[in-house]
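Novice: Sequence and predicted structure, then a few things I'm wondering about:
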Amino acid sequence: MSDLLLELLNTTPVVEGVQTELLDGRWMRDHAAGNQTVADARRLRDDLQRVVRGEVAPTVLASYLRGATRTPAVADDGITWTLNADWPARMVLAWGELQADMPGRLRPCANDECRLFLLDRSRSGTGRWCSMSECGNRMKARRHYSRARRNG
Ligand SMILES: [Zn+2]
């Protein structure tokens, strides 16, 4: 679920300097995003992006959980729980699980010209870029360039 959440967050990449929208009917079909409208899916995506960027309080996500329940059932070896939740609720629950299991590891890329997010699975927890080959090297090259200019 966390991979799907990251894919949802990363549906507004910057391509050649322009923020691009990838979340459409086809994306929703490809990702089994339920039968909500594209507009509703984009609103959920926008709210999740703002929460992960720290721009709004997570309480904006509360309405997506409405109607989600967990039902217990007795099995041979104890109790099993069944989650009853629609796609938006599952995305918010995936965010909640990451907050609990990997606090602070879901974050925006440190390149502020990039609109992507990363899930930092490194042991040190110091990952800053959506991708080292893209943003990481670009930002390092830029820092190096401005340092060289200052010193020159
Ligand atoms: Zn990036």
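Specialist: Noted; the coordinates are in hand.
Novice: just the helices in this structure please.
Specialist: Taking DSSP state H as the criterion, the chain carries its helices at 2-9, 25-30, 38-52, 87-101, 137-151.
Novice: what helices or strands is the second one leaning on?
Specialist: Read it as helix 25-30. In terms of contacts (3 or more C-beta pairs under 8 Å, 6 or more residues apart in numbering; DSSP states H and E), helix 25-30 is packed against helix 38-52. The C-beta positions use only the backbone N, C-alpha and C, and glycine is treated the same way.
Novice: angle of the helix it packs on against helix 87-101?
Specialist: Interaxial angle of helix 38-52 relative to helix 87-101 (axes from the mean of the first three to the mean of the last three C-alpha atoms, to 10 degrees): 10 degrees.
Novice: buried residues in helix 38-52?
Specialist: Going by neighbour count (16 or more other C-beta atoms under 10 Å), the buried part of helix 38-52 is 40-42, 44-45, 47-49, 51-52.
Novice: ok, now stretch 62-71?
Specialist: Within stretch 62-71, the residues that qualify as buried by neighbour count (16+ other C-beta under 10 Å) are 64-65.
Novice: hmm, who's touching that stretch?
Specialist: The contact list for stretch 62-71 (C-beta atoms under 8 Å, 6 or more residues apart in numbering) reads 44, 47, 81-86, 88-89, 91-93.
Novice: Please identify the residues of the chain in proximity to the ion?
Specialist: Of all the residues in the chain, those in contact range of the ion (C-beta under 5 Å from the ion) are 109, 111, 114, 116, 130, 135.
Novice: so how many other residues sit close to the first one?
Specialist: Residues lying near Cys109 (other C-beta atoms under 10 Å) number 22.
Novice: so what pLDDT did it get?
Specialist: pLDDT, Cys109: 95.
Novice: Could you do the third one as well?
Specialist: According to the prediction, Cys114 has pLDDT 92.
Novice: Can you give me the neighbour number for the nearest residue to it once chain neighbours are set aside?
Specialist: By the measure of C-beta to C-beta, 6 or more residues apart in numbering, the closest residue to Cys114 outside its immediate chain neighbours is Cys135, 5.2 Å from it. Counted with other C-beta under 10 Å, residues neighbouring Cys135 total 19.
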